[in-house]
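*Asks:* Fold the following and give me the result.
(one chain, ligands or ions: 2)
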Amino acid sequence: MQNLASILEVRGLTKELPLGKEKVSILKGLDMTVMKGEMVAIVGPSGSGKTTLLGLIGGLDTPTSGSVMLAGQEISRLREDKLADVRNRTIGFVFQFFNLVPTLTALENVALPIHFDDRSRFNPEKRAKELLDLVGLSHRLNHKPKELSGGEQQRVAIARALANQPAVLLGDEPTGNLDSERGEEILNLIQQLRRDLGLTVIVVTHDPKVADRTDRILTMKDGHFVTAAAVS
Ligand SMILES: Nc1ncnc2c1ncn2[C@@H]1O[C@H](COP(=O)(O)OP(=O)(O)OP(=O)(O)O)[C@@H](O)[C@H]1O
Ligand SMILES: [Mg+2]
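*Replies:* Ligands and ions are numbered 1, 2, ... in the order given. Got it, this is the predicted structure:
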């Protein structure tokens, strides 16, 4: 078993943002540990802080206080250039609205993060082809996003998220813009990749069907975790 080590440790995490002359407290001291290879769902009402938390875990943003230890590295106080390296190499992001570059083909979209990593050991085109094959899209290499279905676009986005072999896949409502059948297929794919690649997955979702298929559900409310129940 590989699951003995933690890959993410969040301690006392807070985020405040200015609002006019006031400050709003968006995250109010979160603690969270995720083990290597685990799949965790984050659920909770709109505005409870789920996307904010994911952004801090993934180095898209920095906290007001507290720490985020990701794959053995404290990322919460890194300078932007170092944080960009962590984002590019350690984290794969998948979003609700796919966020592909519209002018690039599927192959070019997946190769892009490899081009951005000047120390990458991967050949961008070869790696992109392998990953698109892995997500079942080897017949769509030269299609642009608008020539792909929603489910296919999300598969390209997943392949892109895996480009630099990240340790952790973060999803913000990855099935939120798909019908239930397509959503189910994307969830199956994420679970298969998790198994085959030993990925750790943290997924924000409103969908109980998605949450129920993870190892553990963390529920947020008003900037706190309210439960951390294991799912039977
Ligand atoms: N730039 C900002 N300035 C001020 N407040 C913000 C800013 N960004 C987010 N917020 C507030 O922070 C809170 C948490 O936002 P967040 O996007 O993390 O919620 P969420 O749980 O992801 O919600 P949803 O389920 O609707 O996506 C919200 O009340 C939001 O209004
Ligand atoms: Mg959100």
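
*Asks:* C-alpha only now, for contacts and for neighbours.
*Replies:* Fine.

*Asks:* residues from the chain in reach of ligand 1?
*Replies:* Residues of the chain lying near ligand 1 by Cα under 6 Å from any ligand atom: L17, L19, I26, P45, S46, G47, S48, G49, K50, T51, T52.

*Asks:* Now do the same for the third one: helix, strand or coil?
*Replies:* Secondary structure state of I26, per DSSP: H, G, I helix; E, B strand; the rest coil, is strand.

*Asks:* Enumerate the strands of the protein by residue range, in sequence order.
*Replies:* 6-19, 22-35, 39-43, 65-70, 73-74, 91-95, 168-172, 200-204, 216-221, 224-227 (DSSP state E).

*Asks:* Mean neighbour count added to those, as a markdown table?
*Replies:* Below are these laid out as a markdown table (neighbours: other Cα atoms under 10 Å):
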| stretch | mean neighbour count |
| --- | --- |
| strand 6-19 | 17 |
| strand 22-35 | 16 |
| strand 39-43 | 23 |
| strand 65-70 | 20 |
| strand 73-74 | 14 |
| strand 91-95 | 24 |
| strand 168-172 | 24 |
| strand 200-204 | 25 |
| strand 216-221 | 20 |
| strand 224-227 | 16 |
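
*Asks:* Which one (most neighbours) among the residues of the chain next to ligand 1?
*Replies:* With neighbours defined as other Cα atoms under 10 Å, the most crowded of the residues of the chain next to ligand 1 is K50; it has 25 neighbours.

*Asks:* follow-up on the earlier one: out of the strands of the chain, nearest to V135?
*Replies:* Minimum separation from V135 across these (Cα to Cα) falls at strand 91-95, 13.7 Å.

*Asks:* in its sheet, what does the closest one sit against?
*Replies:* strand 168-172 (parallel) (DSSP bridges).

*Asks:* Show me the contact partners of the strand it pairs with.
*Replies:* Residues outside strand 168-172 that contact it (Cα atoms under 8 Å, 6 or more residues apart in numbering): 51, 54, 58, 90-96, 161-162, 199-205.
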